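*Asks:* take a look and give me a structure for this.
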Amino acid sequence: MLHRDAMVGVRPLRRRQGVVAALCLILAVAGCEGPPAGAKDTVQRLAALDIVTSPPPQGVQVAHAEDLGLDGTMAFNPPTVTVVYATSASVQEVNDFYISAFPAYGFGEGYDGGPSPHMEGKDFSGGDEIYFDIRMSQGAPDYGVNGGPTPGPTPVGADLYVIVEAIWFPSQG
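*Replies:* As a prediction, this is how the structure comes out:
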């Protein structure tokens with residue numbers, strides 16, 4: 001009698017485990033639907049932007065990456081273009097360049113005039129939202145938690161890495 005009760009107790013547990021596993025699989029597949037519609041065109045537009053194609057003073061492009069993004073029910077990762085430049089310019093020279101060359105993107109807003117290794121800008125003029133993130137670091141690119149492309153060879157004396165990211169978000173309007 002004891003043995004029979006033990007078998008009955010095991011079967012429902014296995015069914016529940018199977019149902020839970022099936023639900024997890026369905027949610028995982030449903031949450032990963034692929035890149036947003038038009039992502040290839042969006043990435044091409046981002047890659048052609050003046051801020052992405054214009055190197056900072058004495059800058060040489062050493063890496064480039066394009067991410068089509070992910071549009072799913074569980075997560076959204078926007079299309080992004082990342083370009084890495086190596087330069088012998090100072091952080092201050094790079095700050096001054098982006099503020100003066102691209103005033104429409106608002107890099108100077110809230111800027112105190114001192115060297116800043118991180119600058120943010122934005123462009124909402126085309127109907128969509130494009131954010132620009134510029135990060136500088138000595139010796140090696142600092143991508144933060146997301147990682148980034150592996151840089152190629154750098155010119156002698158170019159020890160400041162400038163990472164320029166253009167990030168697209170669909171219009172909320």
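*Asks:* state the next helix or strand along the chain beyond the helix or strand bottoming out on mean pLDDT in the chain.
*Replies:* The weakest-scoring helix or strand in the chain, judged by mean pLDDT, DSSP states H and E, is helix 2-30 (a mean of 53). Using DSSP states H and E, the helix or strand that follows helix 2-30 in sequence is helix 39-48.
*Asks:* any idea which helix or strand comes after that next one?
*Replies:* Scanning forward in sequence from helix 39-48 by DSSP H and E, the next helix or strand is helix 50-53.
*Asks:* mind listing what's buried along that next one?
*Replies:* 51, 52 (16 or more other C-beta atoms under 10 Å). Quick note: C-beta positions are derived from backbone N, CA and C, even for glycine.
*Asks:* is the spatially most central residue of the chain bridged to anything, and to what?
*Replies:* Nearest residue to the geometric centre of the chain (C-alpha atoms, centre = their mean): residue 80, 5.3 Å. Here residue 80 sits in beta bridges with residue 67, residue 167, as judged by DSSP bridges.
*Asks:* and for residue 118?
*Replies:* Following DSSP bridges, residue 118 is listed with bridge partners residue 135.
*Asks:* go on, residue 162?
*Replies:* Note on residue 162: beta-bridge partners by DSSP bridges are residue 85, residue 136.
*Asks:* so who does it touch?
*Replies:* Residue 162 makes contacts with 56, 59, 84, 85, 86, 87, 94, 134, 135, 136, as judged by C-beta atoms under 8 Å, 6 or more residues apart in numbering.
*Asks:* buried members of these into PyMOL, please.
*Replies:* Only the buried entries of the contacts of residue 162 go into this PyMOL selection, using 16+ other C-beta under 10 Å:
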select buried, resi 56+59+84+85+86+87+94+134+135+136
